[in-house]
Each structure stands twice: as structure tokens, then as C-alpha cells.
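S.K.: Quick one: sequence plus predicted model below, questions after.
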Amino acid sequence: MKVLVTGAAGFIGSNLVYHLLESRPSWKITALDLLTYAGNIENIAGLINDRRIEFIKCDIADPATVNELFAEKGFDLVFHLAAESHVDRSIHSAAEFIKTNVVGTQVLLDAALSSKVSRFVHISTDEVYGSLGPTGYFYETTLLDPTSPYAASKAASDLIVLAYFKTHGLETVVTRCTNNYGPYQFPEKLIPLFVTNALEDKPLPLYGDGLNVRSWIYVRDHCEALLCAAEKGVAGEVYNIGGTSDGEVNNRVVTAAILEILKKPETLIKPVKDRPAHDRRYAVDSSKINGIGWKAGILFREGLEKTIKWYVDNRSWWQSIKTGAYLEYYERNYGAR
Ligand code: NAD
Ligand code: TDX
């Protein structure tokens, strides 16, 4: 089986590459990534001598290079994760989100169609559904109502992916997952940012009243769900992916748990101006993917402890990221709050 993983040097992409090599040892994997600020070749550097994997630096929005790659390799299966993925950055500037998330997805779909890819798994997010009140869940049938430019770009790409199934018969599957956490997550997202700031005794900038709720899933559970969707999902369908029920918590609870595990004081918490159009709550109903054989297994507390241990043990990984352009972004996003 010849498999392409886009966004393979990012957080979920690198975890997926490790998971695929472990669980499907005969597969040959092409790991594609542009190595933007969020892509880090270090994430998959341990595999450099593994002959089952090859790394290609490539922009998914560049049709000439992408078409050539697909024609040459003849992929059977594509996991498409490459994206601009951070909501706050999309608020500052949306252009790259449209280019990569929308145009890049269309470029990949055209290449997949003309090279006769058997299955195209598009990795999306529950953010496409918008925001929930205190109760209820997002279902695959819930209307799309994205609020951030990031979420809107993902919703657009989801619809294009589904249209390629309807119009051209390309075997696409769309997955919509809740908030991931785990090793190799870039320290701009809530959990790795707060863990690494706390380790450095720096303030934890909690947006608004801190009562926004996210439904957390450990990244390896997400990777298992993606493999399940690829192998057992029905073409043209959407599958929601959510974590264990104890993972549905507000940001204050997450922050308090991080500080407790690290034995750091609550005085590090710094309430700051809220994110514009900050979605209040996300939670998905996962019964459709449960029905084809996948269920989340890692409890939030257990996954959080493992994740924190990884950041404690891998200081050099995140300390080298938190320099240069990262500090400019940090000042831009947090300086005026
Ligand atoms: P990430 O930002 O860590 O990784 C994205 C990767 O894509 C990076 O390695 C980056 O270099 C690469 N990339 C960006 N633009 C590219 C381009 N033009 N060409 C090639 N590569 C490019 O993001 P992540 O958190 O790993 O998310 C991966 C996917 O999963 C995204 O599509 C995201 O929307 C989706 N998702 C993420 C979460 C989450 O909680 N992180 C939840 C649900 C869905
Ligand atoms: O500094 C912060 N302070 C804060 O209070 C940051 C970065 C976040 N937050 C809050 C905002 C959210 O309520 O924490 C919550 C989580 O924020 P993020 O980690 O930025 O994630 P979110 O906006 O929920 O989006 C994430 O989940 C869905 C990913 O970034 C997306 O890629 C994914 O699609």
C-alpha cells in the first residue's frame, strides 16, 4: 500500500506517521510537508533511516509539483492533514488559510483524481459546526456555521472534498475531530503553551472568563480513528471523532490540572482580553465512527499526565521553537491584551 500523509511534520501528522508504521508495517509512506513555522522535521527525524518512509518538502498549493508527485508515486491512499491550523493566527491574517486549506485541498483532489487514488481521507475539525450552548452535541448532519477564518477555510475544504465524491466519484471520507493534545504539539495551542509557560514560570494568558469548553482527545486516539475511517469508512461520508467523556472540560479546569501536575502556583494564571467570536463550547457525537469499530480509550487525566511528561522530557524541542519568529507572534497576539 502506497500512502501519502500531508502535513506529516506537524503535530497530528507526525503522530500519524508513527502510528501507521507501527500498526501497518508493510505500508510505504510518503511524508509531505512544506515545513512552515508549524512543521518541524525533528518530529519525524527518528525515522530517517527507516526505508518504509520518504520525506518530500512540497507546497500542496503548487499544482505542478503536486501533480508530478502523484503521477510518479501512484498513491493508493491519502491522509490529508496539511493546513494552517491556529485560530488566533487566522484572526490576524487569513490569506495563508485560504491558500493552503482551500486551494491546497483542491490541488490535492485534482491530483488524486487524475492519478486514480483509491481513497482520500480529509482531516477536518468540529470547529466547522460553530459553537454549542451548555448542552447538546454536534452531529454529522449539523449545519456548518464556522465563526473564525480558520474554521471557515476548513468548512470550505470539507465541502469541496465531498463535491469531488458526488461529482467525480473520488472515494473521499471527511473526519471532524475535537481538540487534540499530546507530544509534538506546537506551543501556540492551549495545552502546550500553558505547560511550557508554566515550566518557565511565565504567565498563562487565559482568554475571557476561562469558561469556554473544549472536548479533548489524546492524539493517538485520533490517529487510530483516522486509520479506522480510511479502512472502514464509507466513501462520501463524514465521521465525527471525539475523546472520552471526562475530556469535556472548560479552560479553567484544564489550566488548574496543568498547574497541579507541575506543582506550580495558580498565581501564574493571567486573565486576558477574549478572542473575538470565541466559540463557547464544542462537543461531538461519535456514535457513527463507534459503529464502524473505533472508540476513544485514553482518559483525559492520563493523557494530560503523559503529555506533560513529554514536554518536561523534551525541553530542547520546545525551547528551540520559542525563539525568533515565535516571539514576534507572541508579542503580536498577547502584547496588547
Ligand atoms: P499543525 O499546524 O501542527 O501541522 C500542520 C502541518 O501542515 C505543518 O507541519 C505545516 O508545515 C504543514 N503545512 C502548512 N501549510 C502547508 C502547505 N501549503 N503545504 C504543505 N504542508 C503545509 O496542525 P495539526 O494540529 O497537526 O493539524 C493537522 C490537521 O488536523 C489540520 O488539517 C487541522 O485542521 C486538523 N485538526 C486539528 C485539530 C487539533 O486539535 N490540532 C483538531 C481537529 C482537526
Ligand atoms: O493563549 C490561549 N489562551 C486561551 O485561553 C490560547 C492559545 C487558547 N485559549 C483558549 C481558547 C480556546 O477556548 O483555549 C481553548 C483552546 O484554544 P486552542 O488551543 O487555540 O484551540 P481551538 O481554538 O479550540 O482550536 C483547536 O481545536 C480544533 C485547534 O487549534 C484547531 O486546529 C482544531 O481544528
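M.R.: Received it, and whenever you're ready, just let me know what you need. Ligands and ions are numbered 1, 2, ... in the order given.
S.K.: Get me the contact residues on the stretch 151-300 of the chain for ligand 1.
M.R.: Counting by CB under 6 Å from any ligand atom, the residues of the stretch 151-300 of the chain lying close to ligand 1 are 154, 177, 179-180, 186. Where you see a C-beta, it was placed from the backbone N, CA and C, and this is true even at glycine.
S.K.: Make TSV out of those residues and add pLDDT and distance to ligand 2.
M.R.: Below are these laid out as TSV (pLDDT from 0 to 100; distance: CB to the nearest ligand atom, whole Å):
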residue	pLDDT	distance to ligand 2
K154	98	7
C177	98	7
N179	98	4
N180	98	7
F186	98	9
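S.K.: Could you list which of those belong to strands?
M.R.: Secondary structure assignment (DSSP state E) places 177, 179-180 from those within strands.
S.K.: Quick check: beta-bridge partners of R281?
M.R.: On DSSP bridges, the residues paired with R281 through beta bridges are V213.
S.K.: ok, residues contacting stretch 140-147?
M.R.: Applying CB atoms under 8 Å, 6 or more residues apart in numbering, the contact partners of stretch 140-147 are 127-131, 152, 154-155, 158-159, 176, 237-240, 277, 279, 288.
S.K.: so which strand or helix has I60?
M.R.: Counting by DSSP states H and E, I60 is held by no secondary-structure element, helix or strand.
S.K.: so where do the helices sit in the chain?
M.R.: Using DSSP state H, the helices of the chain run over 11-23, 63-73, 87-92, 95-97, 105-114, 149-168, 190-199, 219-232, 251-262, 287-290, 300-313, 315-321, 325-334.
S.K.: Could you dump those into JSON lines and include mean neighbour count?
M.R.: Formatted as JSON lines, the entries for the helices of the chain read as follows, by neighbours: other CB atoms under 10 Å:
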{"stretch": "helix 11-23", "mean neighbour count": "21"}
{"stretch": "helix 63-73", "mean neighbour count": "16"}
{"stretch": "helix 87-92", "mean neighbour count": "18"}
{"stretch": "helix 95-97", "mean neighbour count": "17"}
{"stretch": "helix 105-114", "mean neighbour count": "21"}
{"stretch": "helix 149-168", "mean neighbour count": "20"}
{"stretch": "helix 190-199", "mean neighbour count": "22"}
{"stretch": "helix 219-232", "mean neighbour count": "21"}
{"stretch": "helix 251-262", "mean neighbour count": "18"}
{"stretch": "helix 287-290", "mean neighbour count": "19"}
{"stretch": "helix 300-313", "mean neighbour count": "17"}
{"stretch": "helix 315-321", "mean neighbour count": "15"}
{"stretch": "helix 325-334", "mean neighbour count": "13"}
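S.K.: Relative to E42, which of those helices is closest?
M.R.: Distance to E42, taken as CB to CB, is lowest for helix 315-321 among these, at 6.5 Å.
S.K.: With just CA atoms, put the closest one into CSV.
M.R.: Taking Å, rounded to 0.1, in the frame of the first residue of the first chain, the C-alpha atoms of helix 315-321 are listed here in CSV:
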residue,chain,number,x,y,z
ARG,A,315,12.7,20.8,26.8
SER,A,316,15.1,21.3,23.9
TRP,A,317,12.4,20.6,21.4
TRP,A,318,10.1,23.4,22.5
GLN,A,319,12.8,25.8,23.8
SER,A,320,14.3,26.0,20.3
ILE,A,321,10.8,26.7,18.9
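S.K.: was I right about K288 contacting I241?
M.R.: No - using CB atoms under 8 Å as the test, K288 is too far from I241 to be in contact (9.6 Å).
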